[in-house]
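*Asks:* return atomic coordinates for the entry below.
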Amino acid sequence: MSYPVRTALLLAFSLGIVASAAWAGAAGPGDPFGNVAAAYLVKVDGREVWARNPSGRLPPGSLAKIMTALLVLERADLGSVATVSREASMETGTRLGLAAGDRMTVGELLAATLIGSANDACHVLSDHVAGSEAKFVAMMNARAREMGLSDTRFANACGHDAPGMRSTARDLARMAETAMGNPVFAKMAGLEDGWISTAGGGKRFSLENKNLLIGRYRGAIGVKTGFTGSAGKCLVALAERGGKRVLLVLLNAPARWWKAEEILDAAFARGSGASSARP
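*Replies:* Here you go, the predicted model:
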């Protein structure tokens, strides 16, 4: 069911918002899902209940865009208009197809970054907020330090494989929790699809959420997917049912969609009374 992106932007204005590790060994007591991923972590109502290699430093892929979006929401006016640079127009991987000189509001670029994981939109945002992607990456790393994410380091805004680019399941869980505390981020991360356009409406783009749980898994409300050659298939998923809130991080999980549903179902069945255990 289509949900207009502009609804999320209106919410922002009404609220005044401006602004590599090896696979782990045999499963242990706190690790009931074995080798589903190079690393995973499950939290129920904010409490860690199951994990495997949660502090293992791994490439995050486009999960890095969680931090990009958080910084944009903290530092930019969603109604301001950004201009696409030549460098942003040359981004690779998933993209809208923006051309140098195109203009688009920060809010619609943010929707493209979170919903469609568009690298060109992401790069435009980094340029707009900091003046260049390099300066924006420095801001990302400073914000990670402020949040106590000691095992996270960014090398670019979009999550491309690069030397030193790393995070952990535990750090990404904390990052996602912080980001989902922002109502605009939370609204956009939960949209199944939408439409955006360049300033003046010259170009129009459809968006479909890369997170296949949205609109398909009961209670799914976020958060973000990621994939690169080094990162593999990654996912941060958040779902709510009956007052329970389950957060799942999967890093390098070959069958992420099937396993995500299995793990989320198990977490809801066990509930917040599960004892916390770490492998």
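
*Asks:* which phi and psi does the nearest residue to residue 96 once chain neighbours are set aside have?
*Replies:* Nearest non-adjacent residue to residue 96, counting by CB to CB, 6 or more residues apart in numbering: residue 118, 4.6 Å away. Every residue, glycine included, has its C-beta placed from N, CA and C. Residue 118 has phi and psi values of phi -80, psi 120 when expressed as degrees, to the nearest 10.

*Asks:* over to the one 3 residues further on?
*Replies:* In this entry, residue 121 is assigned phi and psi values of phi -60, psi -40 (degrees, to the nearest 10).

*Asks:* likewise for residue 90?
*Replies:* phi -100, psi 10.

*Asks:* show the pLDDT at it.
*Replies:* Among the per-residue scores, residue 90 holds a pLDDT of 97.

*Asks:* contacting residues for residue 175?
*Replies:* 66, 67, 70, 144, 147, 149, 152, 167 (CB atoms under 8 Å, 6 or more residues apart in numbering).

*Asks:* give the rounded mean pLDDT of the helix or strand harbouring it.
*Replies:* Element membership of residue 175 [criterion: DSSP states H and E] is helix 169-180. The average pLDDT within helix 169-180 is 98.

*Asks:* now the element after it, going C-ward?
*Replies:* Past helix 169-180, the next helix or strand by DSSP H and E is helix 183-189.

*Asks:* and the strands in this protein?
*Replies:* 39-44, 47-52, 81-83, 103-105, 193-197, 204-208, 220-228, 232-241, 244-251 (DSSP state E).

*Asks:* now the last one: buried residues?
*Replies:* When neighbours are counted by 16 or more other CB atoms under 10 Å, the buried residues of strand 244-251 are found to be 245, 246, 247, 248, 249, 250, 251.

*Asks:* so which of those comes closest to residue 156?
*Replies:* Residue 156 lies nearest to residue 251 out of the buried residues of strand 244-251, by CB to CB, at 17.9 Å.

*Asks:* ok, so what distance separates residue 39 from residue 167?
*Replies:* Distance, residue 39 to residue 167, using CB to CB, to the nearest Å: 10 Å.

*Asks:* give me the common contacts of the two.
*Replies:* Residues touching both residue 39 and residue 167 (CB under 8 Å, 6+ apart): residue 58.

*Asks:* higher neighbour count, those two?
*Replies:* residue 167 (31 against 27; other CB atoms under 10 Å).

*Asks:* show the contacting residues for that one.
*Replies:* Residues counted as contacts of residue 167 (CB under 8 Å, 6+ apart) are 57, 58, 60, 63, 64, 149, 151, 152, 153, 175.

*Asks:* what's around residue 202, how many residues?
*Replies:* When neighbours are defined as other CB under 10 Å, residue 202 has 9 of them.

*Asks:* alright, I will stop here.
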